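> Predicted model, plus sequence, below.
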Amino acid sequence: YQRRVRGDTSLLISQMGRRPARCYRYRANKPYIKSRYCRGVPDPKIKIFDLGRKKASVDDLPVCVHLVSDEKENVSSEALEAARISANKYITKLAGRESFHLRVRVHPYHVLRINKMLSCAGADRLQTGMRHAFGKPFGTVARVNIGQILLSVRTRPANVAHVVEALRRAKYKFPGRQKIYVSHKWGFTKYNYEEYKVLKAEGRVIPDGAHCKVRSRKGPLPLLPEKTE
């Protein structure tokens, strides 16, 4: 829309959209987070970081697929939200809403700034730059490194192809390059397939939501797993 400035009928300012993310893609500055000194930060677009079958046991969804960043850059909260929606819709459509658990692994804590300038005919009479040039909070991004995981999905072996395709489509929501890996770990745990199966057979696995704990070989005798001869 348009508005007049200071009652001057010759000056009409068009309200612009948000600045393109390519202006803030590279990690040029130090982390700048929301605090009592940095106020007035707009809320990030992404509010949901876990979706799907969140409460599934660690044994129900054994396969894990990761979307990994291949660049050192900033990823906006808008891009994270778009990727989350894209992956969720595709997997839900082809595999069902109870067949996966998707987790967004990065959080947009870094605050972007913008020094708003008048961009219209005759704006040079009103503003010539450098006044309060530090800028005001404009949006939030996640600072991402090479090899850092952006999205993780745990699912059943029959749905791996659908999950890989969903993450491939989610790649188009991010700048730069990303890679997709099918993990050797069991779900979201830190144990690989063979190691997890051995621990499970020994009775040492304690389910803990999407993860698991492993009972130590030390402690009170009644709590120790039975020894096999």
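Noted; the coordinates are in hand.
> How many residues are close by the residue lying closest to residue 224 once chain neighbours are set aside?
Spatial nearest neighbour of residue 224, excluding adjacent residues (C-beta to C-beta, 6 or more residues apart in numbering): residue 217 at 6.9 Å. Where you see a C-beta, it was placed from the backbone N, CA and C, and this is true even at glycine. Neighbourhood size, residue 217 [other C-beta atoms under 10 Å]: 10.
> Repeat that for residue 26.
By other C-beta under 10 Å, 12 other residues sit near residue 26.
> That one - nearest residue in space that isn't next to it in sequence?
Once flanking residues are discounted, residue 26 sits nearest to residue 73: 6.3 Å by C-beta to C-beta, 6+ apart.
> From residue 60, how far out is residue 21?
Going from residue 21 to residue 60 by C-beta to C-beta, to the nearest Å gives 37 Å.
> same deal with residue 18?
In this structure, residue 18 and residue 60 are 41 Å apart, going by C-beta to C-beta.
> higher neighbour count, these two?
Set residue 18 next to residue 60 and count neighbours by other C-beta under 10 Å: residue 60 wins out with 17 against 12.
> Of all the helix elements in this structure, which one is longest?
When the chain is parsed with DSSP state H, its longest helix is helix 77-95.
> Following element in sequence after that helix, please.
strand 100-104 (DSSP states H and E).
> ok, which stretches of the protein are helices?
Assigned by DSSP H, the chain shows helices spanning 77-95, 160-170, 193-201.
> would you turn the ones you listed into CSV with mean pLDDT and mean neighbour count?
Rendered in CSV, the data for the helices of the chain read as follows (pLDDT from 0 to 100; neighbours: other C-beta atoms under 10 Å):
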stretch, mean pLDDT, mean neighbour count
helix 77-95, 96, 19
helix 160-170, 97, 20
helix 193-201, 92, 14
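> By mean pLDDT, point me to the weakest helix or strand of this protein.
The weakest-scoring helix or strand in the chain, judged by mean pLDDT, DSSP states H and E, is strand 8-14 (a mean of 46).
> for the chain, what are the low-confidence residue spans?
The chain contains residues with pLDDT under 70 at 1-16, 118-128, 131-132, 223, 225-229.
> ok, the longest strand seen in it: who's next to it in the sheet?
The longest strand of the chain (DSSP state E) is strand 136-144. According to DSSP bridges, strand 136-144 has the following sheet partners: strand 73-76 (antiparallel), strand 110-114 (antiparallel).
> got these as a markdown table, with distance to residue 99 columns?
Converted to a markdown table, the strands paired with strand 136-144 look like this (distance: least, C-beta to C-beta, whole Å):
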| stretch | distance to residue 99 |
| --- | --- |
| strand 73-76 | 27 |
| strand 110-114 | 34 |
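> Between the ones you listed, which one is closest to residue 97.
Taking C-beta to C-beta, strand 73-76 is the member of the strands paired with strand 136-144 nearest to residue 97, at 25.8 Å.
> What are the contacting residues of that closest one?
Strand 73-76 has contacts (C-beta atoms under 8 Å, 6 or more residues apart in numbering) with 21, 24-27, 45, 69, 106, 108, 110, 112, 139-144, 150, 174-176.
> returning to that earlier point: let me know which of the strands paired with strand 136-144 is the nearest to residue 65.
When the strands paired with strand 136-144 are compared for distance to residue 65 using C-beta to C-beta, the nearest one is strand 73-76, at 18.6 Å.
> Residue 209: neighbour count?
11.
> quick one: contacts for residue 107?
49, 142 are the contacts of residue 107 under C-beta under 8 Å, 6+ apart.
> let's go with 7 Å and repeat that
residue 142 (C-beta atoms under 7 Å, 6 or more residues apart in numbering).
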